[in-house]
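> Next input, structure requested:
(2 chains)
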Amino acid sequence: MNLKELYQEIILDHGKNPRNLRKIDNHNKDAKGHNPLCGDSVHVYLKLNENKKIEDISFEGGGCAISMASASIMTDLIKDKEEFEVKEIVNDFLEMIKEKDDLKNNILSDDEKTKLMCFSGVKQYPMRVKCATLSWHTLTSAINNSQEIVNTEKN
Amino acid sequence: MNISDIKKQFPIFNNKIKNNDLVYLDSANSAQKPQGVINRVYDFYTKEFSNVGRSVHYLAVTATNLYENTRSSVQKYINAKDRNEIVFTKGATEAMNLIANTFGQKYLNEGDEVLITELEHHSNYVPWHFLRKSKKINIEFAEVNEDGEVTLDSIKKKITNKTKIIGITHLSNVTGAILPIKEIIGLAHSKGIPVLIDGCQSAPHLKLDMQDLDCDFYAISGHKMYGPTGVGILYAKKKWLEDLPPYQGGGGMIKEVKKQAISYADLPNKYEAGTMATAQVIAFNESIKFLEKIGIENIQNYEKELINYTVDTLKKNNSVKLIANPKNRGGVISFTMEGVHPHDIATILDEDGVAIRAGHHCCQILHEKLGIPATARVSIGIYNTKEDIDQLNSSINKCNKIFDLK
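Okay, here's the model as predicted:
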């Protein structure tokens, strides 16, 4: 039962065929993330326009189905959002995956929220929460232009 | 030797894990504890507790005797020449740090080389890295071959006239390769180079004979030998322990303390500053007794058969790719699966009560060389059976089903 909640079809699909898995050549922001416990790594690229809107977002990296799917779905949902909206979505996702039952933001559509809620099963696997959150922390780091590599052991 | 009787001594197996029997295949990480070891910790705290080596009252004398009894048992178990060659530490990590620190202080200078291997656990690399920073020494890595072994030849290639010490694992915690350490020690000694052996994975499974090996330093982890956490053993030849400076300063390691000068205690107290993990050291004696009662030859024979069965089973499974093929293999078998990341494998196996480890196993240098960030690792202990391996195999097949690969 639990395994089915964790490995839902959408996660397996995105894990196997991640979307936006490439480098944006003319990106203007990027950041690297690393999970030292398991060796998972991610590099998030952003193209932010003058109105602080995400024109394009992509990632490179390797990891388990959870981490790849999380990065893939994240990049899908974040595209075309404004910077302040992104921050709200990131916080909402991080709270949901750690403790809350639902997503609270009014930015994402119900369909989009359903996609993200696929990760709610990760809560039952505390050792795997970091897999799901690595790309999201790295996105925050990219937006903040932080030069420091995201390290899941510091979060 | 009856494995089901042996397994009954481990109370952890009475518990259900997610409604399944526990199939524990993570003993290279840490082994489970027999009832005798668990009871010994309880009994010591309940009936005999006191600090060791300081007071003169009855309990202090009892505790000191019990503590020193473990030292004698370890000496006998690893056939060390002198009981003062056994130093208790908080773990094998501390034992290796102790040598890197004290040997480095006295004998390593700018430009000197420390030779380790690409197989080493971080605990036999990072302590030397500190010296790379503080003393500008160089660290050389003997290469691992495609079977996951480090040969005598690859060590020979890296020895130069600047090599001051060699640090090698006895049994790789990723590839399972048992290294020809006796030959390597012989080669090193012919060039006047001392050798530190990381014995974490070998000590619970192989016959150890310090006098026969003639190594200078040998680090052992207590909790991997079915003993408590917080206990490690540093074996070091007496001449080294007398020669090297102390590691930590504090109570118990001094002879005389004056405002202008301090003299240090005799061996082995010189290296055991502060209150040690007393209960754990005393309970560790029960681990030695447990292993002695079964007999190391019996353990080696039984585990050899189980290792071969595991390798054969996994080789027959087409979705599994073993990452090494050492000719002389201990009970560590690492693998990957096409299309399923090691972390996902470990989570899916866990649902069936099968405990394995996934990740880089504290060997990032090796994984970089292998070109894979992570592997799934199966490691066996004396309580494992062929049924455990069959369950492992069927749970591995479940990964394929979930990821829809078959």
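> from here on, contacts and neighbour counts on C-alpha atoms
OK.
> How confident is the prediction for residue 23, by pLDDT?
No chain was given, so I picked chain A. If you check A:K23, the pLDDT there is 96.
> meant chain B, my bad for not saying
98.
> sec struct for the nearest residue to B:I262 once chain neighbours are set aside, please.
Excluding its sequence neighbours, the residue lying closest to B:I262 (Cα to Cα, 6 or more residues apart in numbering or on different chains) is B:E256, at 5.7 Å. Three-state assignment for B:E256 (DSSP: H, G, I helix; E, B strand; the rest coil): strand.
> Just list the residues touching B:E256, thanks.
Taking Cα atoms under 8 Å, 6 or more residues apart in numbering or on different chains, we find B:E256 in contact with B:262-264.
> likewise B:S172?
By Cα under 8 Å, 6+ apart, the residues touching B:S172 are B:119-120, B:178-179, B:201, B:332.
> how about the residue of the stretch 1-150 of chain B found nearest chain A, phi and psi?
Nearest residue of the stretch 1-150 of chain B to chain A (Cα to the nearest Cα) works out as B:K18 at 10.4 Å. As for B:K18, its main-chain torsions (degrees, to the nearest 10) stand at phi 50, psi 50.
> So what touches stretch B:290-300?
Contacts of stretch B:290-300 (Cα under 8 Å, 6+ apart): B:1, B:205-207, B:382.
> Using PDB, write out every CA atom in that stretch.
In PDB, the C-alpha atoms belonging to stretch B:290-300 read as follows (Å, rounded to 0.1, in the frame of the first residue of the first chain):
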ATOM      1  CA  PHE B 290      30.300 -15.400  21.000                       C
ATOM      2  CA  LEU B 291      32.700 -15.500  18.000                       C
ATOM      3  CA  GLU B 292      35.100 -17.900  19.700                       C
ATOM      4  CA  LYS B 293      32.300 -20.200  20.700                       C
ATOM      5  CA  ILE B 294      31.200 -20.600  17.000                       C
ATOM      6  CA  GLY B 295      34.800 -20.700  15.900                       C
ATOM      7  CA  ILE B 296      36.300 -18.500  13.200                       C
ATOM      8  CA  GLU B 297      36.900 -21.400  10.900                       C
ATOM      9  CA  ASN B 298      33.300 -22.400  11.100                       C
ATOM     10  CA  ILE B 299      32.200 -18.800  10.500                       C
ATOM     11  CA  GLN B 300      34.500 -18.500   7.400                       C
END
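> So which bits of it are buried?
Neighbour-count burial for stretch B:290-300 flags B:290-291, B:296, B:299-300 (criterion: 16 or more other Cα atoms under 10 Å in any protein chain shown).
> how about A:T75, secondary structure?
Per three-state DSSP, A:T75 ends up helix.
> hang on, it packs against A:E55?
No. A:T75 is not in contact with A:E55 according to Cα atoms under 8 Å; the separation is 11.2 Å.
> Comparing those two, which shows the higher neighbour count?
A:T75 (24 against 17; other Cα atoms under 10 Å in any protein chain shown).
> pLDDT-wise, which helix or strand of chain A ranks last?
Scoring the helices and strands of chain A by mean pLDDT, DSSP states H and E places strand A:150-151 at the bottom, with a mean of 76.
> close to chain B, is that strand?
No. Using Cα under 8 Å from any Cα of the partner chain, strand A:150-151 stays clear of chain B, coming no nearer than 15.7 Å.
> Outline the domain layout of chain B.
Chain B breaks down into these domains under automatic domain parsing: B:3-30+B:295-402, B:38-292.
> Just list the residues touching residue 24, thanks.
I'll assume chain A. Counting by Cα under 8 Å, 6+ apart, A:I24 touches A:45-47, A:56-58.
> nope, chain B please
B:353-356, B:380, B:384.
> So what does it have for phi and psi?
Main-chain torsions, B:Y24, degrees, to the nearest 10: phi -90, psi 110.
> how far away is it from B:N384?
Counting by Cα to Cα, to the nearest Å, the separation of B:Y24 from B:N384 is 7 Å.
> Please apply the same query to B:N138.
Distance from B:N138 to B:N384, by Cα to Cα: 42 Å.
> Setting aside sequence neighbours, what's the nearest residue to the residue in the stretch 201-350 of chain B positioned nearest to chain A?
The nearest approach of the stretch 201-350 of chain B to chain A comes at B:H341, 4.8 Å away (Cα to the nearest Cα). Counting by Cα to Cα, 6+ apart, B:H341 lies nearest to A:C64, which is 4.8 Å off, once chain neighbours are set aside.
> B:G53 now?
Nearest non-adjacent residue to B:G53 (Cα to Cα, 6+ apart): B:T64, at 5.6 Å.
> same check, this time on B:E351
Using Cα to Cα, 6+ apart, the nearest residue to B:E351 is B:K18, at 6.6 Å.
> Contacts only, for the one you found.
B:351-353.
> let's see 10 Å
By Cα atoms under 10 Å, 6 or more residues apart in numbering or on different chains, the contact set of B:K18 is B:350-353.
> Give the buried subset of those residues as a PyMOL selection command.
Those of the contacts of B:K18 that count as buried under 16+ other Cα under 10 Å are selected in PyMOL with:
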select buried, chain B and resi 350+351+352+353
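> Which ones among the contacts of B:K18 lie within strands?
With strands taken from DSSP state E, there is no overlap with the contacts of B:K18.
> and the residue in the stretch 151-300 of chain B that chain A sits nearest to, what element?
Nearest residue of the stretch 151-300 of chain B to chain A: B:V174, at 14.1 Å (Cα to the nearest Cα). Assigned by DSSP states H and E, B:V174 falls within no helix or strand.
> pLDDT score for the residue nearest to B:Y271 when sequence neighbours are not counted?
Nearest residue to B:Y271 in three dimensions, chain neighbours excluded: B:P246, at 5.8 Å (Cα to Cα, 6+ apart). We have a pLDDT of 97 for B:P246.
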